[in-house]
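1. Need a 3D model of the sequence below.
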Amino acid sequence: IGGLNPADAQQKLRDELAESAEAPITLAHDDVTVELPLAESGLSIDWAATVEQAGGGASWNPVNLYRALTGGEPVELVRNIDEEALNRAVSDAAANFDKEATDAAITLKEGKVATTEAEEGIKLKVDESVTAVKDAFEAGKHEAAANVEVIAPGVSNDDVQSFREGALKQALTGPISLTS
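-> Numbering: from 1, shown residues only. This is a model prediction of the structure:
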């Protein structure tokens, strides 16, 4: 962008980098992914500040003059983060990740025992996931790992198996006494 006026330098940066730099960030855990568009998530590239940081524009600052005369040096894109908007976007994405735990169950129908497997639940850890998105954005990456809490079911598969092999088996195979 050397030799260009600030407006043209900004446009050149946008033309060459915007498609990649402004691509959404994907928040992912296992097979669940949610795309977070930058603008809606409070994340943006400050093209003007990036040009200014690179020494664009008229300046008599000796450091800027030296950089201009020696060909400059690589400059990172200036990235802005609106914490409130990002927190809101990740909180809204939580519904895609959150899943309630399912208890294991056992049923007896027509003398046959059937079981239902327990399933762990998950809950998105919003604050930690916000940090992961910020870190990815600041590093120029487009994927962030969602941080989740695993929620154990109240009744596990082992609980059901113990009941099936113990009390239920005894009730189904042992003698039954009826009293009046």
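2. helix or strand right after the helix or strand bottoming out on mean pLDDT in the chain?
-> One helix or strand of the chain scores below all others by mean pLDDT, DSSP states H and E: helix 62-69, with a mean of 63. Following helix 62-69 in sequence order, the next helix or strand is strand 79-81 (DSSP states H and E).
3. what's the distance between that next one and the middle of its chain?
-> 17 Å (Cα atoms, centre = their mean, to the nearest Å).
4. which other helices and strands contact that strand?
-> strand 43-45, helix 126-138 (3 or more Cβ pairs under 8 Å, 6 or more residues apart in numbering; DSSP states H and E). Heads up, the C-betas are built off the backbone N, CA and C, glycines and all.
5. Check the ones you listed for me: which has the lowest mean pLDDT.
-> When the helices and strands packed on strand 79-81 are ranked by mean pLDDT, strand 43-45 comes last with a mean of 92.
6. Check the gap between the spatially closest residue to Glu128 that is not a sequence neighbour and Ala54 for me.
-> Leaving aside its sequence neighbours, Glu128 sits nearest to Asn147 (Cβ to Cβ, 6 or more residues apart in numbering; 3.6 Å). Asn147 sits 35 Å away from Ala54, going by Cβ to Cβ, to the nearest Å.
7. So between these two, which is more surrounded?
-> Legend: neighbour count by other Cβ atoms under 10 Å for Asn147 and Ala54, higher for Ala54 (22 against 17).
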